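**Student:** Just need the structure, nothing else, for what follows:
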Amino acid sequence: NNSEFVTVSKAKLVCNPKYPNADGIHINCSSDVLIEGCFIHSGDDSIIIRANTNTLKEKRPCERVVVKGCTLSSNCQAVRIGWRNDGEIKNCTLSDLVITNSMIGIVAEMPDHSSPTDIGENATVIKNITVNNVVFDDIQYAPIRVIIHPENRVGEISNLRFSNVISESGDYPEVCGREDAILNEIYFSDCKFTVCNTEGF
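**Tutor:** Numbering: from 1, shown residues only. As a prediction, this is how the structure comes out:
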């Protein structure tokens with residue numbers, strides 16, 4: 001939280017799935033963060049990139065986060081980008097990942113419900129995010145979700161680029177904006193999404 005120049009390399013994290021909020025690595029309002037070569041299995045999100053400024057004296061973005069060469073699995077989302085009424089998240093890259101045995105792969109979803117203590121005070125901005133060279137395997141629902149639900153303050157979600165993705169999951173990617181919060185520049189290139197039976201999950 002509120003950190004700069006952080007590196008997590010070759011860590012193995014196995015979180016107790018029965019423990020509430022058993023997240024892996026939670027990055028909030030920080031910059032120049034590198035997560036590389038890690039194995040993470042979590043009960044909740046494996047990696048979270050947020051900009052919740054509620055506990056800070058001054059607002060600051062979460063920016064220049066690089067996640068590469070990791071294997072992730074989760075009882076929830078493997079990677080979460082943003083939450084309800086976060087601030088600005090920008091200029092991040094996710095690359096060379098294997099995401100397996102998870103409910104959902106990568107999520108930038110502003111939900112319609114959450115704990116009242118975990119709602120920010122800003123209009124969420126998520127921009128300039130690249131996702132490259134990712135394999136999704138044994139994903140129960142969608143491999144990728146970018147969704148804005150009602151009752152969320154959203155300034156901008158734009159320039160999200162997904163490339164060189166191979167996926168086997170229970171559903172196709174979901175991308176859904178809102179009439180007053182339109183998604184801009186969401187790109188998919190060289191991606192293969194296969195929907196399969198995941199009852200054995």
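**Student:** going forward, measure contacts between C-alpha atoms and count neighbours the same way
**Tutor:** Fine.
**Student:** Run a quick neighbour tally on N159.
**Tutor:** When neighbours are defined as other CA atoms under 10 Å, N159 has 18 of them.
**Student:** my read: it touches V146, true?
**Tutor:** No. At 11.9 Å, N159 and V146 do not qualify as touching, with contact defined as CA atoms under 8 Å.
**Student:** Nearest to the spatial middle of this structure, which residue is it?
**Tutor:** In the chain, the C-alpha nearest the mean C-alpha coordinate belongs to R80, at 2.3 Å (CA atoms, centre = their mean).
**Student:** Tell me the strands beside the helix or strand hosting R161, with direction?
**Tutor:** Here R161 sits within strand 154-169, counting by DSSP states H and E. Next to strand 154-169 in the sheet, as set by DSSP bridges, lie strand 124-139 (parallel), strand 183-195 (parallel).
**Student:** What residues of the last one count as buried?
**Tutor:** This means strand 183-195. By neighbour count on 16 or more other CA atoms under 10 Å, the buried set for strand 183-195 is 183, 193, 195.
**Student:** hey, C-alpha coordinates of it in PDB?
**Tutor:** Coordinates of the C-alpha atoms in strand 183-195 are reproduced here as PDB (Å, rounded to 0.1, in the frame of the first residue of the first chain):
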ATOM      1  CA  LEU A 183     -15.600   1.200 -22.600                       C
ATOM      2  CA  ASN A 184     -13.100   2.500 -25.200                       C
ATOM      3  CA  GLU A 185     -10.400   0.800 -27.100                       C
ATOM      4  CA  ILE A 186     -10.700  -2.800 -25.900                       C
ATOM      5  CA  TYR A 187      -8.600  -4.900 -28.200                       C
ATOM      6  CA  PHE A 188      -8.200  -8.700 -28.700                       C
ATOM      7  CA  SER A 189      -5.500 -10.000 -31.200                       C
ATOM      8  CA  ASP A 190      -4.200 -13.500 -31.800                       C
ATOM      9  CA  CYS A 191      -6.500 -15.000 -29.200                       C
ATOM     10  CA  LYS A 192      -8.200 -18.400 -29.100                       C
ATOM     11  CA  PHE A 193     -11.100 -19.000 -26.700                       C
ATOM     12  CA  THR A 194     -12.500 -22.500 -26.300                       C
ATOM     13  CA  VAL A 195     -15.600 -23.100 -24.200                       C
END
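**Student:** Let me see the ranges of the helices in this structure.
**Tutor:** For the chain, no helices are identified by DSSP state H.
**Student:** still on that earlier bit, run through the residues that contact the residue nearest to the centre of the chain.
**Tutor:** Neighbouring residues of R80 by CA atoms under 8 Å, 6 or more residues apart in numbering: 45, 47-49, 106-109.
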